[in-house]
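**Q** Here's my sequence, what's the structure:
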Amino acid sequence: MTNIPTDLLRTFVTIKDLGGFTSAGELLGRSQPAISLQVKKLEEILDTKIFLRGASLELTEDGEFLYEAARQMLEINDQIIAKIRGDNISGKVRLGIPNDFELAFLPKALRNLSRVYPNIIVEVDCEISKVILQRYQKGHYDIALAMERVKQDEDRDTRDYRLESLEWVYKESRLMDEQDEPIPLIAYPQGCVYRSIMEEYLKGQQHPYRFMYTSTSLLGIFSAVEEGLGITAMAKSVVPDHLKHAASTRRLPELERVCIGLHYKERELNIASRHVLDFLRTGLANM
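**A** Here you go, the predicted model:
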């Protein structure tokens, strides 16, 4: 029975993820010739070509299959090591995240993380996405989760983002249908994606509106909605079960989708940050 060494698989996956032999070598601490030799050895073991040699380093059909299988094998390998030797991995990871997504999936993701890696400390900072991204660009975070408008040319790893429908959230239906009154809105401050989209769509359909309540706190937003002060818009997955929500009504337009995605610098992630990233990816997928 032929066995595939996991270090060859890790090299192969890293080359694909980073888009080059040199970049993979820098991350793995090996020279470019050593990386090339590992790929050659892997191809000899499998008796096939896995890369279409060229500028873009595209994978062959066998390479595509191997890439997906190798990621799964490495994930199982890392889970075994983490479970048995998890206490040996430690570090502090700085995470920026939007207010509403802190409650949506972060506690569960961090609880699962702490069971496997009890010595990894995650420092969480919550704000609106615009502020999170500004701070991330200034180096305040190792990983940032932010909400943005959907890009037509999204080229990130599909594990790093998800598209969400926006829905109108309200307590009383009358607020949605009073024809003679401006629509009372509840929102985060200027710069919030939710707020921008609500304003743009209501203006586009010439619906009069006014902001009744603005808060940087998710609890404040929910409390204002629960008291019947107005309506708001949120990603469908973060709307509490006790509040009513709808994609559109007779008076309110259907809103566009948004992108909730992870931001990080691949080469700057340490071991602790990589493990946190894996758990955040899982949490994002299972929201």
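**Q** Next one: Gly204 relative to Ile97, how far apart?
**A** Counting by Cβ to Cβ, to the nearest Å, the separation of Gly204 from Ile97 is 30 Å. Any C-beta I mention is one placed from the backbone N, CA and C, and that applies to glycine too.
**Q** between those two, who's got more neighbours?
**A** Counted by other Cβ atoms under 10 Å, Gly204 and Ile97 do not tie: Ile97 has more neighbours, with 25 against 9.
**Q** Near the nearest residue to Lys244 once chain neighbours are set aside, how many other residues are there?
**A** Using Cβ to Cβ, 6 or more residues apart in numbering and skipping the chain neighbours, the partner closest in space to Lys244 is Tyr170 (5.4 Å). By other Cβ under 10 Å, the residues close to Tyr170 number 23.
**Q** hang on, Tyr170 packs against Val239?
**A** No: contact criterion Cβ atoms under 8 Å: Tyr170 and Val239 do not qualify, at 10.3 Å.
**Q** Helices of the chain, start to end?
**A** Counting by DSSP state H, residue ranges of the helices within the chain are 6-18, 21-28, 32-46, 61-85, 99-104, 106-116, 129-137, 174-177, 193-204, 218-226, 271-285.
**Q** now the angle from the first one to helix 32-46?
**A** Just to be clear, that refers to helix 6-18. Inter-element angle recorded for helix 6-18 and helix 32-46: 120 degrees (by axes from the mean of the first three to the mean of the last three Cα atoms, to 10 degrees).
**Q** which strands and helices sit next to helix 6-18?
**A** In terms of contacts (3 or more Cβ pairs under 8 Å, 6 or more residues apart in numbering; DSSP states H and E), helix 6-18 is packed against helix 21-28, helix 32-46, helix 61-85.
**Q** Quick check: mean pLDDT of that helix?
**A** Throughout helix 6-18, pLDDT has a mean value of 87.
**Q** list the buried ones in it?
**A** By neighbour count with 16 or more other Cβ atoms under 10 Å, helix 6-18 contains the buried residues 8-16, 18.
**Q** ok, the residues you listed vs Ile271, which is closest?
**A** Closest approach between the buried residues of helix 6-18 and Ile271, by Cβ to Cβ: Arg10, at 13.4 Å.
**Q** Could you report the separation of that closest one from Leu28?
**A** 7 Å.
**Q** Point out where the stretch 101-250 of the chain drops to low pLDDT.
**A** The stretch 101-250 of the chain contains residues with pLDDT under 70 at 174-180.
**Q** Kindly recompute the last result at 50.
**A** Low-confidence segments of the stretch 101-250 of the chain (pLDDT under 50): none present.
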